[in-house]
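Participant: sharing a sequence plus its predicted fold:
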Amino acid sequence: MAKKKQAKAQIKHVAIAGNIGAGKTTLTKILAKHFNWSPNYEDVENNPYLDDFYQDMHRWSFNLQVFFLNSRLRQLVDISKGDQTVIQDRTIYEDANIFAPNLHEMGLMPKRDFENYSNFFETLKSMVNPPDLLIYLKGSVPTLVGQIQKRGRDYEENIRLDYLKRLNEYYNTWIDKYQDGKVLIIDIDKINFAENKEDTAKVINMVTAEVNGLF
């Protein structure tokens, strides 16, 4: 029993990564409730740049990415100071490895801003620890679009399909090269944990096995 309690105490940080509409928030709620973890959600409602960004990506891309970077850094600082196991909705790595490079390649973030942002991220990255377990929600663009439409957020109505597709390509490349810790990939084209109870149980079992395998 003593060893089991000690193992649980070592689990500090679980993070969920995935494209827009992948179901990160939903899975965060499910796992937080099941494992009694403390949920840490992406600050969407209080983001002062999202509406403007989707209306004019070129103008607001840098501002948006800096806001997200600061928000997630603050979350990581709180996680390091706390004594609870935290499950995080999206990671600090996605901003720098997926969203910012994609915006730059699409011509929506100027080179000067992108280089400034990238250098800032590298400095911050050296100051924080990666998650003990990273859960990646992998899905096709049609699945993502379907889930985006279901939740009906006004600011997401103008998301371009080519934008989602490019993000997916960046996500898959990043995950293939990710070596900072353990990764669990969940295919949301085949597993609907949001609406299917059997799939929910399947995901919980998958996460349990990965967490137990950490020790």
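Facilitator: Noted; the coordinates are in hand.
Participant: can you give me the strands for this protein?
Facilitator: Residue ranges of the strands in the chain, as given by DSSP state E, are 13-18, 38-40, 86-89, 133-138, 182-187.
Participant: now do the buried residues in the shortest one.
Facilitator: It stands for strand 38-40. Judged by neighbour count (16 or more other Cβ atoms under 10 Å), strand 38-40 contains these buried residues: Asn40. Just so you know, the C-beta spots here come from the backbone N, C-alpha and C atoms, and that holds for glycine as well.
Participant: closest one to Asn63 among the strands of the chain?
Facilitator: strand 86-89 (21.1 Å; Cβ to Cβ).
Participant: can you list contacts of that closest one?
Facilitator: For strand 86-89, contacts defined as Cβ atoms under 8 Å, 6 or more residues apart in numbering pick out 12-16, 24-25, 28, 31-32, 35, 37-42, 72, 75, 78-79, 131.
Participant: circling back to that earlier point, most tightly packed of the strands of the chain?
Facilitator: Ranked by mean neighbour count, those are led by strand 13-18 with a mean of 26 (mean count of other Cβ atoms under 10 Å).
Participant: so which elements touch that one?
Facilitator: Of the remaining helices and strands, those touching strand 13-18 by 3 or more Cβ pairs under 8 Å, 6 or more residues apart in numbering; DSSP states H and E are helix 24-35, strand 86-89, strand 133-138, helix 161-177.
Participant: and Ile92, how close does it get to Val77?
Facilitator: In this view, Ile92 and Val77 are 11 Å apart by Cβ to Cβ, to the nearest Å.
Participant: name the residue in these two with the higher neighbour count.
Facilitator: For Ile92 versus Val77, neighbours defined as other Cβ atoms under 10 Å are more numerous around Ile92 (23 against 12).
Participant: ok, now which ones touch the more buried one?
Facilitator: Ile92 touches 69, 72-73, 76, 121, 124-125, 128, counting by Cβ under 8 Å, 6+ apart.
Participant: against Gly107, how distant is the residue sitting nearest the centre point of the chain?
Facilitator: Central residue of the chain (Cα atoms, centre = their mean): Arg90, 2.0 Å from the mean position. Using Cβ to Cβ, one gets 24 Å for the distance from Arg90 to Gly107.
Participant: can you list residues touching both of Ile92 and Val77?
Facilitator: Val128.
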